[in-house]
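**Student:** With the sequence up front, the predicted model follows.
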Amino acid sequence: MSRHYMKLLKEPDRVAKTVQQHGQLRLIFLQHNNPAVKEHACKLIEILVQAEFLKATAGGTTPLDPEHEYEINKIERRLKLPLTDHQVKTIHDLAIQITQASIKLHASLTGIGYNVDQTLGTDKQVFSIMGPHRDHYYGDIFVIFKLEIMLHPDANFSVQAATTFGPSLSAYTHRSWLKNPNNDGKCTEQFHSSKLHCSVPHYEYAAARELVALTGKDKQTMDAR
(Lines give C-alpha, C1' and ligand atoms only; values in the text may rest on other atoms or scores of the structure.)
Protein backbone atom coordinates (compact mmCIF):
# COMPACT_ATOMS: atom_id res chain seq x y z
CA MET A 1 0.00 0.00 0.00
CA SER A 2 1.37 3.42 -0.93
CA ARG A 3 2.08 6.08 1.70
CA HIS A 4 -0.41 8.40 -0.02
CA TYR A 5 -3.17 5.81 0.32
CA MET A 6 -2.25 5.17 3.96
CA LYS A 7 -2.79 8.84 4.69
CA LEU A 8 -6.23 8.71 3.07
CA LEU A 9 -7.22 6.00 5.55
CA LYS A 10 -7.33 8.65 8.28
CA GLU A 11 -10.79 9.53 6.96
CA PRO A 12 -13.73 7.23 7.91
CA ASP A 13 -15.40 7.60 4.51
CA ARG A 14 -12.20 6.42 2.78
CA VAL A 15 -12.03 3.41 5.07
CA ALA A 16 -15.69 2.62 4.40
CA LYS A 17 -15.02 2.62 0.64
CA THR A 18 -12.02 0.36 1.18
CA VAL A 19 -14.20 -2.09 3.10
CA GLN A 20 -16.74 -2.08 0.28
CA GLN A 21 -14.01 -3.08 -2.19
CA HIS A 22 -13.03 -6.20 -0.26
CA GLY A 23 -13.25 -9.33 -2.39
CA GLN A 24 -15.68 -11.16 -0.10
CA LEU A 25 -18.07 -8.23 0.02
CA ARG A 26 -17.92 -7.69 -3.73
CA LEU A 27 -18.84 -11.35 -4.14
CA ILE A 28 -21.86 -10.89 -1.84
CA PHE A 29 -22.96 -7.83 -3.85
CA LEU A 30 -22.52 -9.82 -7.06
CA GLN A 31 -24.56 -12.75 -5.77
CA HIS A 32 -27.33 -10.43 -4.60
CA ASN A 33 -27.52 -7.93 -7.42
CA ASN A 34 -30.04 -5.77 -5.60
CA PRO A 35 -29.59 -1.99 -5.11
CA ALA A 36 -31.39 -2.11 -1.76
CA VAL A 37 -29.05 -4.81 -0.42
CA LYS A 38 -25.97 -2.83 -1.43
CA GLU A 39 -27.42 0.39 -0.01
CA HIS A 40 -28.17 -1.20 3.38
CA ALA A 41 -24.81 -2.99 3.47
CA CYS A 42 -22.91 0.22 2.69
CA LYS A 43 -24.86 2.09 5.37
CA LEU A 44 -24.04 -0.64 7.88
CA ILE A 45 -20.36 -0.40 6.96
CA GLU A 46 -20.36 3.39 7.37
CA ILE A 47 -21.88 3.19 10.86
CA LEU A 48 -19.49 0.43 11.98
CA VAL A 49 -16.49 2.38 10.67
CA GLN A 50 -17.60 5.58 12.40
CA ALA A 51 -18.14 3.68 15.66
CA GLU A 52 -14.60 2.26 15.53
CA PHE A 53 -13.11 5.69 14.86
CA LEU A 54 -15.00 7.17 17.81
CA LYS A 55 -13.80 4.32 20.00
CA ALA A 56 -10.19 4.91 18.91
CA THR A 57 -10.48 8.66 19.63
CA ALA A 58 -11.50 7.85 23.20
CA GLY A 59 -8.64 5.41 23.63
CA GLY A 60 -10.83 2.37 23.08
CA THR A 61 -12.86 2.95 26.24
CA THR A 62 -16.05 4.36 24.71
CA PRO A 63 -18.89 1.82 24.46
CA LEU A 64 -21.01 1.69 21.34
CA ASP A 65 -23.32 4.68 21.14
CA PRO A 66 -26.98 3.59 21.74
CA GLU A 67 -28.08 5.27 18.51
CA HIS A 68 -25.32 3.51 16.55
CA GLU A 69 -26.22 0.21 18.18
CA TYR A 70 -29.89 0.67 17.30
CA GLU A 71 -29.09 1.51 13.65
CA ILE A 72 -26.69 -1.45 13.34
CA ASN A 73 -29.26 -3.91 14.69
CA LYS A 74 -32.00 -2.44 12.49
CA ILE A 75 -29.96 -2.68 9.29
CA GLU A 76 -28.68 -6.17 10.10
CA ARG A 77 -32.27 -7.35 10.60
CA ARG A 78 -33.16 -5.98 7.16
CA LEU A 79 -30.14 -7.63 5.56
CA LYS A 80 -30.93 -11.02 7.07
CA LEU A 81 -34.00 -11.28 4.83
CA PRO A 82 -32.09 -11.48 1.52
CA LEU A 83 -28.67 -12.51 2.98
CA THR A 84 -27.59 -15.42 5.14
CA ASP A 85 -26.51 -14.92 8.75
CA HIS A 86 -22.96 -15.80 7.67
CA GLN A 87 -22.95 -13.10 4.98
CA VAL A 88 -24.21 -10.44 7.39
CA LYS A 89 -21.56 -11.49 9.92
CA THR A 90 -18.91 -11.28 7.18
CA ILE A 91 -19.90 -7.68 6.41
CA HIS A 92 -19.91 -6.80 10.12
CA ASP A 93 -16.58 -8.47 10.92
CA LEU A 94 -14.69 -7.16 7.87
CA ALA A 95 -15.84 -3.60 8.51
CA ILE A 96 -14.47 -3.72 12.06
CA GLN A 97 -11.26 -5.58 11.16
CA ILE A 98 -10.34 -3.29 8.27
CA THR A 99 -11.14 -0.16 10.29
CA GLN A 100 -9.02 -1.31 13.22
CA ALA A 101 -6.16 -2.18 10.86
CA SER A 102 -6.47 1.23 9.16
CA ILE A 103 -6.38 3.10 12.48
CA LYS A 104 -3.33 1.13 13.55
CA LEU A 105 -1.66 1.75 10.19
CA HIS A 106 -2.05 5.53 10.04
CA ALA A 107 -0.92 5.79 13.67
CA SER A 108 2.49 4.60 12.48
CA LEU A 109 2.92 5.21 8.75
CA THR A 110 5.45 3.04 6.97
CA GLY A 111 7.80 4.32 4.29
CA ILE A 112 10.53 6.95 4.54
CA GLY A 113 8.26 9.94 3.87
CA TYR A 114 10.70 11.62 1.48
CA ASN A 115 9.11 14.91 0.42
CA VAL A 116 10.42 14.57 -3.14
CA ASP A 117 8.21 11.49 -3.57
CA GLN A 118 5.16 13.76 -3.34
CA THR A 119 6.53 15.97 -6.13
CA LEU A 120 7.32 13.00 -8.36
CA GLY A 121 4.10 11.16 -7.49
CA THR A 122 6.00 8.08 -6.28
CA ASP A 123 4.31 8.37 -2.87
CA LYS A 124 1.22 7.00 -4.64
CA GLN A 125 2.99 3.76 -5.52
CA VAL A 126 4.59 0.83 -3.74
CA PHE A 127 8.13 0.80 -5.04
CA SER A 128 11.62 -0.49 -4.35
CA ILE A 129 15.05 -0.69 -5.93
CA MET A 130 16.06 -3.82 -7.82
CA GLY A 131 19.72 -4.74 -7.60
CA PRO A 132 22.63 -3.46 -5.45
CA HIS A 133 22.13 -0.10 -3.76
CA ARG A 134 23.20 1.76 -0.63
CA ASP A 135 19.79 2.98 0.51
CA HIS A 136 19.26 0.75 3.54
CA TYR A 137 15.95 2.43 4.44
CA TYR A 138 14.16 0.98 1.41
CA GLY A 139 13.80 -2.37 3.16
CA ASP A 140 13.67 -5.83 1.67
CA ILE A 141 12.80 -6.51 -1.95
CA PHE A 142 10.03 -8.93 -2.86
CA VAL A 143 9.68 -10.07 -6.44
CA ILE A 144 6.23 -11.37 -7.33
CA PHE A 145 6.06 -13.24 -10.62
CA LYS A 146 2.35 -12.84 -11.13
CA LEU A 147 0.91 -11.83 -14.49
CA GLU A 148 -2.04 -9.93 -13.03
CA ILE A 149 0.40 -7.62 -11.22
CA MET A 150 3.13 -7.46 -13.86
CA LEU A 151 0.67 -6.61 -16.64
CA HIS A 152 -1.46 -4.22 -14.56
CA PRO A 153 -1.53 -0.77 -16.22
CA ASP A 154 -0.36 0.86 -12.97
CA ALA A 155 2.71 -1.41 -12.72
CA ASN A 156 5.88 0.08 -14.15
CA PHE A 157 9.64 0.23 -13.78
CA SER A 158 12.42 2.57 -14.83
CA VAL A 159 16.10 1.93 -15.30
CA GLN A 160 16.97 4.88 -13.06
CA ALA A 161 15.35 5.87 -9.78
CA ALA A 162 12.71 8.58 -9.79
CA THR A 163 14.84 10.77 -7.53
CA THR A 164 17.50 11.08 -10.25
CA PHE A 165 15.03 13.40 -11.96
CA GLY A 166 14.65 15.30 -8.68
CA PRO A 167 17.18 17.22 -6.61
CA SER A 168 20.30 15.32 -7.74
CA LEU A 169 19.42 15.59 -11.46
CA SER A 170 21.86 12.71 -12.02
CA ALA A 171 19.56 11.30 -14.72
CA TYR A 172 20.94 13.97 -17.04
CA THR A 173 24.52 13.07 -16.14
CA HIS A 174 24.05 9.37 -16.85
CA ARG A 175 21.69 9.85 -19.78
CA SER A 176 23.55 12.20 -22.07
CA TRP A 177 20.75 11.92 -24.63
CA LEU A 178 18.36 13.65 -22.22
CA LYS A 179 18.23 17.42 -22.12
CA ASN A 180 17.77 19.00 -18.70
CA PRO A 181 14.75 21.31 -19.00
CA ASN A 182 15.79 23.18 -15.82
CA ASN A 183 12.21 23.07 -14.66
CA ASP A 184 10.91 20.87 -11.83
CA GLY A 185 7.60 20.21 -13.54
CA LYS A 186 9.26 19.26 -16.83
CA CYS A 187 11.73 17.00 -15.02
CA THR A 188 8.82 15.18 -13.39
CA GLU A 189 7.18 14.79 -16.80
CA GLN A 190 10.40 13.27 -18.16
CA PHE A 191 10.48 10.77 -15.29
CA HIS A 192 6.93 9.62 -16.03
CA SER A 193 7.78 9.39 -19.73
CA SER A 194 10.76 7.17 -18.90
CA LYS A 195 8.59 4.54 -17.19
CA LEU A 196 8.35 1.17 -18.89
CA HIS A 197 5.22 -0.97 -18.70
CA CYS A 198 5.26 -4.73 -19.14
CA SER A 199 1.79 -4.53 -20.67
CA VAL A 200 3.24 -2.62 -23.65
CA PRO A 201 4.66 -4.93 -26.35
CA HIS A 202 8.46 -4.94 -26.74
CA TYR A 203 9.06 -3.14 -23.41
CA GLU A 204 12.01 -5.51 -22.86
CA TYR A 205 13.76 -4.21 -25.99
CA ALA A 206 13.43 -0.64 -24.77
CA ALA A 207 14.86 -1.61 -21.36
CA ALA A 208 17.72 -3.57 -22.96
CA ARG A 209 18.64 -0.70 -25.28
CA GLU A 210 18.73 1.75 -22.41
CA LEU A 211 20.90 -0.57 -20.33
CA VAL A 212 23.28 -1.00 -23.29
CA ALA A 213 23.40 2.76 -23.78
CA LEU A 214 24.08 3.42 -20.10
CA THR A 215 26.78 0.78 -19.73
CA GLY A 216 28.35 1.60 -23.10
CA LYS A 217 28.47 5.33 -22.48
CA ASP A 218 31.93 5.22 -20.92
CA LYS A 219 33.07 1.78 -22.15
CA GLN A 220 33.01 1.92 -25.92
CA THR A 221 34.57 -1.49 -26.55
CA MET A 222 34.52 -4.94 -24.98
CA ASP A 223 37.61 -7.07 -24.47
CA ALA A 224 36.45 -10.50 -25.59
CA ARG A 225 39.84 -12.19 -25.30
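**Tutor:** Received it, and whenever you're ready, just let me know what you need. Numbering: from 1, shown residues only.

**Student:** Could you use CA atoms for every contact and neighbour count after this?
**Tutor:** Fine.

**Student:** Could you point out the helix or strand that follows the helix or strand of the chain with the lowest mean pLDDT?
**Tutor:** Lowest on mean pLDDT, DSSP states H and E among the helices and strands of the chain sits helix 115-120, with a mean of 68. Sequence order places helix 147-150 as the next helix or strand after helix 115-120, per DSSP states H and E.

**Student:** buried set for the helix or strand just after that following helix?
**Tutor:** Per DSSP H and E, the first helix or strand lying C-terminal to helix 147-150 is helix 171-174. Along helix 171-174, these residues count as buried under the neighbour rule (16 or more other CA atoms under 10 Å): Ala171, Tyr172, His174.

**Student:** With distance to Thr18 added, can I get the residues you listed in JSON lines?
**Tutor:** Output for those, formatted as JSON lines (distance: CA to CA, whole Å):
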{"residue": "Ala171", "distance to Thr18": "37"}
{"residue": "Tyr172", "distance to Thr18": "40"}
{"residue": "His174", "distance to Thr18": "41"}
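
**Student:** May I see the domains of this protein written out as residue ranges?
**Tutor:** Annotated domains of the chain cover 3-107, 120-216 [automatic domain parsing].

**Student:** Pick the most buried one from those.
**Tutor:** Stretch with highest mean neighbour count among the domains of the chain: domain 3-107 (a mean of 16; mean count of other CA atoms under 10 Å).

**Student:** Report the distance from that one to the chain centre.
**Tutor:** In terms of CA atoms, centre = their mean, to the nearest Å, the centre of domain 3-107 is set 20 Å apart from its chain centre.

**Student:** Ok, stretch 96-112 next?
**Tutor:** 13 Å.

**Student:** ok, residues contacting it?
**Tutor:** 3, 6-7, 9-10, 15-16, 19, 48-49, 52-53, 56, 137-138 (CA atoms under 8 Å, 6 or more residues apart in numbering).

**Student:** Closest one of these to Glu76?
**Tutor:** The closest of the contacts of stretch 96-112 to Glu76 turns out to be Leu48 (CA to CA; 11.5 Å).

**Student:** And the pLDDT at the closest one?
**Tutor:** Listed pLDDT for Leu48 reads 94.

**Student:** Quick one: name whatever helix or strand follows the one helix or strand it maps to.
**Tutor:** With elements taken from DSSP H and E, the one containing Leu48 is helix 35-57. Going down the chain from helix 35-57, the next helix or strand is helix 66-79, by DSSP H and E.

**Student:** What is that following helix packed up against?
**Tutor:** helix 35-57 (3 or more CA pairs under 8 Å, 6 or more residues apart in numbering; DSSP states H and E).

**Student:** Which strands or helices does the helix it packs on pack on?
**Tutor:** helix 12-20, helix 66-79, helix 85-107.

**Student:** What ranges in this structure fall below the confidence cut-off?
**Tutor:** 1-5, 58-64, 109-118, 120-125, 127-145, 219-225 (pLDDT under 70).

**Student:** and if we set it to 90?
**Tutor:** 1-11, 33, 54-70, 81, 102-179, 181-185, 187-195, 198-199, 207, 209-225 (pLDDT under 90).

**Student:** quick one: the nearest residue to His152 once chain neighbours are set aside from Leu151, how far?
**Tutor:** Nearest non-adjacent residue to His152, counting by CA to CA, 6 or more residues apart in numbering: Ser199, 6.9 Å away. From Ser199 across to Leu151, the span is 5 Å (CA to CA, to the nearest Å).

**Student:** and what of Thr119?
**Tutor:** Taken as CA to CA, the span from Thr119 to Leu151 is 26 Å.
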